[in-house]
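A.B. asks: Need a 3D model of the following:
(4 chains)
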Protein chains: 2
Amino acid sequence: MSGRARTHWGDGRRPQGVAAAKPLPRRAVLADDVYEAIKALIMDHEIEPDARVSIDGLARQLRVSPTPVREALARLESAELVAKEPLRGYRATPLLTKEELEDLYQFRLLIEPWAAARAAERVAAGDKEQLRAEMAATEVPQSDSYAEYKALTAHDTRLHVLIAELAGSPQVRHAFERTHCHLHIFRLHYHRTIGAETIKEHQAIVDAITQGDKDAAEHAMRRHLESSCYDRLLPLYDAGGRRRHDERS
Amino acid sequence: MSGRARTHWGDGRRPQGVAAAKPLPRRAVLADDVYEAIKALIMDHEIEPDARVSIDGLARQLRVSPTPVREALARLESAELVAKEPLRGYRATPLLTKEELEDLYQFRLLIEPWAAARAAERVAAGDKEQLRAEMAATEVPQSDSYAEYKALTAHDTRLHVLIAELAGSPQVRHAFERTHCHLHIFRLHYHRTIGAETIKEHQAIVDAITQGDKDAAEHAMRRHLESSCYDRLLPLYDAGGRRRHDERS
DNA sequence: CTGGCGCGAATACTATAGGATTTATGAAAT
DNA sequence: ATTTCATAAATCCTATAGTATTCGCGCCAG
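C.D. replies: Residues are numbered from 1 along each chain as shown, chains lettered A, B, ... in the order given. Down below sits the predicted model:
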């Protein structure tokens, strides 16, 4: 989804000897910035779930014209952060219900343990290094600060994508990415959670894969997903006092 | 993806006694029509794989402004029929390679047999009726005409989606739909193929599900996909003389 | 003949304007 | 009090214009 925003200016054509002054603080494509801005508004709940998202309103708020906003929203729709009703505008999608969260993890349980097993079978030397590097670059969060939570989520995303990548099936990798599971889970309980157990479980998965142990990798991934879903995520629905979109005033 | 285009005009507010004259032959939202038009151009290979797709050019050709074209292309990107390079425009995606086709079917083998098994476990009376109706509404193609091929593909899509639906996991169903496999396979060899075997195999799957036989359903689906991939699709790459996008002039 | 440079054309990108539809507001009738 | 209807405002949708960037072609140096 992301990874598209590359700068296309200031790559050369600059008089020699200018010591590469600021490569112009300008944007690449405005629609990409607008995309990220709206996504941030939704993730931060500044745009609440199920709330209407006005095209012209956003354009005014972001000080841009409606044109790039339309394109950004069309893309956000494929990430299922907004839904469109023709002639009526866009609306932020509701948060995951308990059932939808379980269903999401059921799907992950269907493809990710398989991917872990395949990764263990196919793992090469360079791959092992990548896995170890990802684990090494991550440290157990000391506090439950927002920043550390975001960093941990980023690590989680990278590792799961990497494993799906190592499975050697672009379709499986892509199917996983298209769930945007980290996005939706993050939006669900964006005030920190998740402990150090996650990293321990990740380490177990990485160990199994690097040892080429197919069954252990599959098992470790399955256990990780089950713990994540049933031990860490689902309990948040009962306690925590998260408000749902179907609660009225 | 589709199913969004609903008319929002002429639903009332009409003087009584006019006998509901033509509900206005007008469009719902122009961007939807443009979406379908461009999709048709790509599927018919009027826009060749890997060819550049000009926004302004399409707008002139379709006699509309670039605005709805931009929105349509943004949506077509999520179906992977076009790819965008910022500031450089859109480009029709290349056809599936042999490897990509195999990978696609590997993914289908991962989720669809599972879905068939689940469907067999959960099937209710009404569901059985739906399955039988879908089979009854389909007949073995007599000729290898384009129209019949299209009809058979439509049946294939409906049946596979229905089974994914009956599995009770929206995520699995959605993941399957997001592959747009029928779209890409159709585009691959859009001049007819596929015989009556498909229908026979479909019948076997439906029988197993309606009988609630979990293992048989899973097995039948697996066999169906393997036959489809290895017996019917892959051979087309060697024979048939399909030209690939990487062949130059 | 090959590779780099520059100019013109084509194209993408953003902003703005106007028409069409929906939504909100409020008065009148039951 | 509730419903119906009309009017006004807000919003979506499409079209058009102008700017920025890329692309294509010819020219020139090597």
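A.B. asks: Relative to DNA strand C, which residue of chain A is the closest?
C.D. replies: At 2.4 Å from DNA strand C, A:L30 is the closest residue in chain A, using Cβ to the nearest atom of the strand. Every C-beta, even on glycine, is put in place using the N, C-alpha and C of the backbone.
A.B. asks: With adjacent residues omitted, what lies nearest to that residue?
C.D. replies: Closest residue to A:L30 in three dimensions, ignoring its sequence neighbours and counting by Cβ to Cβ, 6 or more residues apart in numbering or on different chains: A:P68, at 4.7 Å.
A.B. asks: Same question for the host helix or strand of that neighbour: list its buried residues.
C.D. replies: Taking DSSP states H and E as the criterion, A:P68 maps to helix A:66-78. Under the neighbour-count criterion of 16 or more other Cβ atoms under 10 Å in any protein chain shown, helix A:66-78 has A:66-78 buried.
A.B. asks: out of those residues, which touch DNA strand C?
C.D. replies: A:P66, A:T67, A:P68, A:E71 (Cβ under 7 Å from any atom of the strand).
A.B. asks: low-scoring stretches of chain A, by residue?
C.D. replies: A:1-27, A:191-194, A:240-249 (pLDDT under 70).
A.B. asks: Break down it into its helices, ranges please.
C.D. replies: Remark: helices assigned in chain A by DSSP state H are A:30-43, A:55-62, A:66-78, A:98-122, A:125-136, A:146-166, A:170-179, A:181-188, A:197-210, A:214-226, A:235-238.
A.B. asks: Just want the angle from the third one to helix B:170-179.
C.D. replies: Computed with axes from the mean of the first three to the mean of the last three Cα atoms, to 10 degrees, the direction of helix A:66-78 lies at 120 degrees from that of helix B:170-179.
A.B. asks: distance of A:L81 from B:H174?
C.D. replies: For A:L81, the distance to B:H174 equals 15 Å [Cβ to Cβ, to the nearest Å].
A.B. asks: Have a look at those two and say which one is more surrounded.
C.D. replies: A:L81 (24 against 16; other Cβ atoms under 10 Å in any protein chain shown).
A.B. asks: which residue packs closest to that one, ignoring adjacent ones?
C.D. replies: A:I42 (5.2 Å).
A.B. asks: Could you do A:L41 as well?
C.D. replies: Using Cβ to Cβ, 6+ apart and skipping residues adjacent in sequence, the residue nearest A:L41 is A:I47, 4.7 Å away.
A.B. asks: what's the burial count for the one you found?
C.D. replies: 21.
A.B. asks: Could you do A:D56 as well?
C.D. replies: A:D56, neighbours per other Cβ under 10 Å, totals 11.
A.B. asks: again with A:P113
C.D. replies: As a burial measure, A:P113 scores 20 neighbours (other Cβ under 10 Å).
A.B. asks: For it, give its distance to A:I47.
C.D. replies: Distance of A:P113 to A:I47, given as Cβ to Cβ: 35 Å.
A.B. asks: re earlier: so what's the residue nearest to A:L81 up against?
C.D. replies: Residues near A:I42 by Cβ atoms under 8 Å, 6 or more residues apart in numbering or on different chains: A:L76, A:L81, A:V82, A:A92, A:R187.
A.B. asks: isn't the first one right up against A:I38?
C.D. replies: This points to A:L76. Yes - judged on Cβ atoms under 8 Å, A:L76 makes contact with A:I38 at a distance of 6.2 Å.
A.B. asks: ok, now which ones touch A:L152?
C.D. replies: Residues in contact with A:L152 (Cβ under 8 Å, 6+ apart) are A:T138, A:P141, A:I194, A:T198, A:I199.
A.B. asks: Torsion angles phi and psi at the second one?
C.D. replies: With angles defined as degrees, to the nearest 10, A:P141 shows backbone torsions of phi -60, psi 130.
A.B. asks: out of everything not next to it in sequence, what's closest to it?
C.D. replies: Excluding the flanking residues, the one nearest A:P141 by Cβ to Cβ, 6+ apart is A:E148, at 4.1 Å.
A.B. asks: Tell me how many other residues surround the one you found.
C.D. replies: A:E148: 15 neighbours (other Cβ under 10 Å).
A.B. asks: swap in the one 5 residues further on?
C.D. replies: Residues contacting A:T153 under the criterion other Cβ under 10 Å number 18.
A.B. asks: if I look at it, how far off is A:G168?
C.D. replies: Look at A:T153 and A:G168: by Cβ to Cβ, they are 26 Å apart.
A.B. asks: And A:S145, by the same measure?
C.D. replies: 37 Å.
A.B. asks: Compare neighbour counts for the two and give me the winner.
C.D. replies: Applying other Cβ under 10 Å to A:S145 and A:G168 shows that A:G168 carries more neighbours, namely 15 against 11.
A.B. asks: Please state the backbone phi and psi of that one?
C.D. replies: Torsion angles, degrees, to the nearest 10, at A:G168: phi 80, psi 10.
A.B. asks: Once you drop chain neighbours, what's closest to it?
C.D. replies: Once flanking residues are discounted, A:G168 sits nearest to A:R122: 5.4 Å by Cβ to Cβ, 6+ apart.
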